[in-house]
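S.K.: what follows is a predicted protein model with its sequence.
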Amino acid sequence: MTRLSYDTDLTDDQWKILEPLIPRAKTGGRNRSLDIGEVLNGIFYFVTNGRKWRAMPHDFSKWQSVYTYFRGWESDGTWRKINHTKSDL
């Protein structure tokens, strides 16, 4: 399903920088079914607009899923790694 873009969505160049920093799906469980780029878009929308998680627009992944990734990446250091990565963009 395609959706209209938000001004907080990642560009292709930004995604190329961030993609290698995102942890791979864990082995042994079911396959990752969410588009991680869309999860990041949801997180950036939330952070930029300061909304409640439950008020996330319905054209993003479910708020619970986006929140779960956000909290997991916060606790495992992924956000710190992303924030300390420098780019030429």
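M.R.: Everything's here; your move.
S.K.: going forward, measure contacts between C-alpha atoms and count neighbours the same way
M.R.: Will do.
S.K.: other SSEs contacting the helix or strand hosting V39?
M.R.: Using DSSP states H and E, V39 sits within helix 36-49. Counting contacts by 3 or more C-alpha pairs under 8 Å, 6 or more residues apart in numbering; DSSP states H and E, helix 36-49 packs against helix 63-76.
S.K.: following the helix it packs on, which helix or strand comes up?
M.R.: Under the assignment DSSP H and E, the closest C-terminal helix or strand after helix 63-76 is helix 78-83.
S.K.: please report how far the residue nearest the centre of the chain lies from G28.
M.R.: Among the residues of the chain, the one closest to the centroid is L40, at 1.6 Å (C-alpha atoms, centre = their mean). Distance check for L40 against G28: by C-alpha to C-alpha, to the nearest Å, it reads 24 Å.
S.K.: please apply the same query to N49.
M.R.: Distance, N49 to G28, using C-alpha to C-alpha: 36 Å.
S.K.: so which of the two has more stuff around it?
M.R.: Legend: neighbour count by other C-alpha atoms under 10 Å for N49 and G28, higher for N49 (11 against 6).
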